[in-house]
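Chemist: here's my sequence, what's the structure:
(one chain, ligands or ions: 1)
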Amino acid sequence: MPMMYIGKHKHVVAYPVSRSLITVSAYISDVSKEGTPCGEITAFSPIVKEELLAAFTGWEPEVQVLLRSMNEPMKLPITRVVPLERYSFGRVLIAGDAAHGMPPHQGAGAGQAIEDAYILASLLCHTSSTRESIPKIAKIYNDIRRPEGNRALQASIEFGRLLDLDFPDLEGYKEGDDSMPLEILEALGRKASKDLEWVWKNSVEGDKRRALHMMD
Ligand SMILES: Cc1cc2nc3c(=O)[nH]c(=O)nc-3n(C[C@H](O)[C@H](O)[C@H](O)COP(=O)(O)OP(=O)(O)OC[C@H]3O[C@@H](n4cnc5c(N)ncnc54)[C@H](O)[C@@H]3O)c2cc1C
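Modeler: Reported below is the predicted structural model:
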């Protein structure tokens, strides 16, 4: 069963990917770096396990076990695209992370990339599609996909804040503080479940129909 362990500017997500393997991601947010360029560090690099464990000292035993079980932990900066005003420029289109690279907090980036491709492929396969209609297809693709891609990007950013307890109302609480009322935590849990619903409840089919209608 997937688990999210949430804390102040830190959270851990774990879910099984087979009978004997669990994928574990531990997030440490430095909000002062939000919006700054990530520089050259864009790929995974090794992290010393002690450094990782030290960041989660005092967290529940389950988290300690999960982190200690990592064979070769790696670190990666969380990068995202600044919301774009256009996904198409004349005959040029961008899709996937190039258009709406988002933080991984809702596990939605690849799904959005596939939806881009699905809408684009549907337009290109339309009976009226020709070389000459590419600018029109590009415009329809932009009109349909940009609002949804940018919405998913924003939703993912906000979900990361929720998992990091990064709200003005919660500013008074610091890491290790166990005085947060249970009602607040329960309300956060309900909000997290609700905010994730779109990932499996939304369907791209309505957008596909709208896109094809715009081709007619
Ligand atoms: C830690 C982490 C966890 C994630 N978890 C999830 C998840 O659970 N669910 C989910 O849906 N998404 C998840 N994502 C996001 C998902 O991986 C991306 O949204 C998705 O891979 C984007 O697909 P893409 O094809 O746009 O880009 P990419 O997968 O980045 O593919 C781009 C490809 O282009 C190649 N390339 C780059 N430059 C050039 C060039 N000049 N010439 C030729 N080739 C080039 C690259 O090598 C790469 O293979 C996660 C991402 C991260 C980092």
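Chemist: what about I94, neighbour count?
Modeler: 19 (other Cβ atoms under 10 Å). All C-beta atoms are positioned from the backbone trio N, CA, C, and that covers glycine.
Chemist: oh, that last question was meant for S18, not what I typed.
Modeler: 7.
Chemist: does any part of the helix or strand bottoming out on mean pLDDT in the chain sit near the ligand?
Modeler: One helix or strand of the chain scores below all others by mean pLDDT, DSSP states H and E: strand 45-46, with a mean of 89. No - using Cβ under 6 Å from any ligand atom, strand 45-46 stays clear of the ligand, with a minimum separation of 13.1 Å.
Chemist: which helix in this protein has the most residues?
Modeler: Scanning the chain for the longest helix, with DSSP state H as the assignment, gives helix 134-163.
Chemist: and the helix or strand following it, what does it pack against?
Modeler: Using DSSP states H and E, the helix or strand that follows helix 134-163 in sequence is helix 182-201. Secondary-structure packing of helix 182-201 (3 or more Cβ pairs under 8 Å, 6 or more residues apart in numbering; DSSP states H and E): strand 3-7, helix 134-163.
Chemist: so which of the ones you listed is the most packed in?
Modeler: helix 134-163 (a mean of 19; mean count of other Cβ atoms under 10 Å).
Chemist: report all helices and strands that that helix contacts.
Modeler: With contacts defined as 3+ Cβ pairs under 8 Å, 6+ apart, helix 134-163 has these neighbours: strand 3-7, strand 88-89, strand 92-93, helix 97-100, helix 109-124, helix 182-201, helix 205-215.
Chemist: mind doing that once more with 10 Å?
Modeler: Using 3 or more Cβ pairs under 10 Å, 6 or more residues apart in numbering; DSSP states H and E as the contact test, the elements touching helix 134-163 are strand 3-7, strand 10-16, strand 88-89, strand 92-93, helix 97-100, helix 109-124, helix 182-201, helix 205-215.
Chemist: any idea which of the ones you listed is most buried?
Modeler: Most buried among these, counting by mean count of other Cβ under 10 Å: helix 97-100, with a mean of 20.
Chemist: and that one, anywhere near the ligand?
Modeler: Yes - using Cβ under 6 Å from any ligand atom, helix 97-100 reaches the ligand at D97.
Chemist: residues contacting L120?
Modeler: Going by Cβ atoms under 10 Å, 6 or more residues apart in numbering, L120 touches 87-88, 93, 95, 137-138, 140-141, 144-145, 211.
Chemist: list the residues that contact K10.
Modeler: 26-29, 55-56, 59, 63, 163-165, 175.
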